[in-house]
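Chemist: Sequence and predicted structure, then a few things I'm wondering about:
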Amino acid sequence: MDRKKKIRATEEMIEVVLIRIPKEIEAMRFYQSAAQKATDDSARELFENLAEQEKGHEAELKRILADLKAQLKELKNSE
């Protein structure tokens with residue numbers, strides 16, 4: 001794959017990650033809210049666990065985003 005195609009592919013991956021991060025935050029907030037409303041301890045624990053998983057997804061996507069941005073910068077600087 002030539003450099004221009006690599007740049008475009010990396011930009012597209014960045015766009016996807018930027019779309020997904022708010023979705024993970026939204027899901028985390030949903031589960032946190034469900035945990036607060038839960039009247040059963042096991043349901044509350046389930047929702048809290050799901051919220052933590054979404055928080056982990058957000059963190060991983062932010063790490064991936066940083067890596068992709070670094071790759072993009074390197075590709076653009078190698079012109």
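Modeler: Cool, the structure landed. As the structure is a prediction and not an experimental result, all values here were calculated from the model.

Chemist: check contacts around residue 51.
Modeler: Contact partners of residue 51, counting by CB atoms under 8 Å, 6 or more residues apart in numbering, are 28-29, 31-32, 35. For the C-beta atoms, the positions are set from N, CA and C on the backbone; glycine is no exception.

Chemist: need the contact list for the most centrally placed residue in the chain.
Modeler: Per CA atoms, centre = their mean, the C-alpha nearest to the average position across the chain is that of residue 61, at 3.2 Å. Residues in contact with residue 61, defined by CB under 8 Å, 6+ apart, are 17, 20-21, 24.

Chemist: ok so, going back, of all the contacts of residue 51, which comes closest to residue 69?
Modeler: Residue 69 lies nearest to residue 28 out of the contacts of residue 51, by CB to CB, at 22.9 Å.

Chemist: Find the nearest non-adjacent residue to that closest one, please.
Modeler: Spatial nearest neighbour of residue 28, chain neighbours left out: residue 54 (3.7 Å); criterion: CB to CB, 6 or more residues apart in numbering.

Chemist: If you tally nearby residues, what's the number for the one you found?
Modeler: 20 (other CB atoms under 10 Å).

Chemist: Retrieve the pLDDT associated with it.
Modeler: At residue 54, the pLDDT value in this model is 98.

Chemist: repeat for the one 5 residues further on
Modeler: The predicted local confidence for residue 59 comes out at a pLDDT of 98.

Chemist: Same check on residue 8?
Modeler: On the pLDDT scale, residue 8 gets 97.

Chemist: Dump stretch 46-61 to PDB, restricted to CA.
Modeler: Taking Å, rounded to 0.1, in the frame of the first residue of the first chain, the C-alpha atoms of stretch 46-61 are listed here in PDB:
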ATOM      1  CA  LEU A  46     -24.100  -6.600  37.200                       C
ATOM      2  CA  PHE A  47     -24.700  -3.000  36.000                       C
ATOM      3  CA  GLU A  48     -21.700  -1.700  37.900                       C
ATOM      4  CA  ASN A  49     -19.500  -4.400  36.300                       C
ATOM      5  CA  LEU A  50     -20.900  -3.500  32.900                       C
ATOM      6  CA  ALA A  51     -20.200   0.200  33.500                       C
ATOM      7  CA  GLU A  52     -16.600  -0.700  34.400                       C
ATOM      8  CA  GLN A  53     -16.200  -2.700  31.200                       C
ATOM      9  CA  GLU A  54     -17.400   0.200  29.200                       C
ATOM     10  CA  LYS A  55     -14.900   2.500  31.000                       C
ATOM     11  CA  GLY A  56     -12.200   0.000  30.000                       C
ATOM     12  CA  HIS A  57     -13.300   0.100  26.400                       C
ATOM     13  CA  GLU A  58     -13.200   3.900  26.500                       C
ATOM     14  CA  ALA A  59      -9.600   3.800  27.900                       C
ATOM     15  CA  GLU A  60      -8.500   1.300  25.300                       C
ATOM     16  CA  LEU A  61     -10.000   3.300  22.400                       C
END
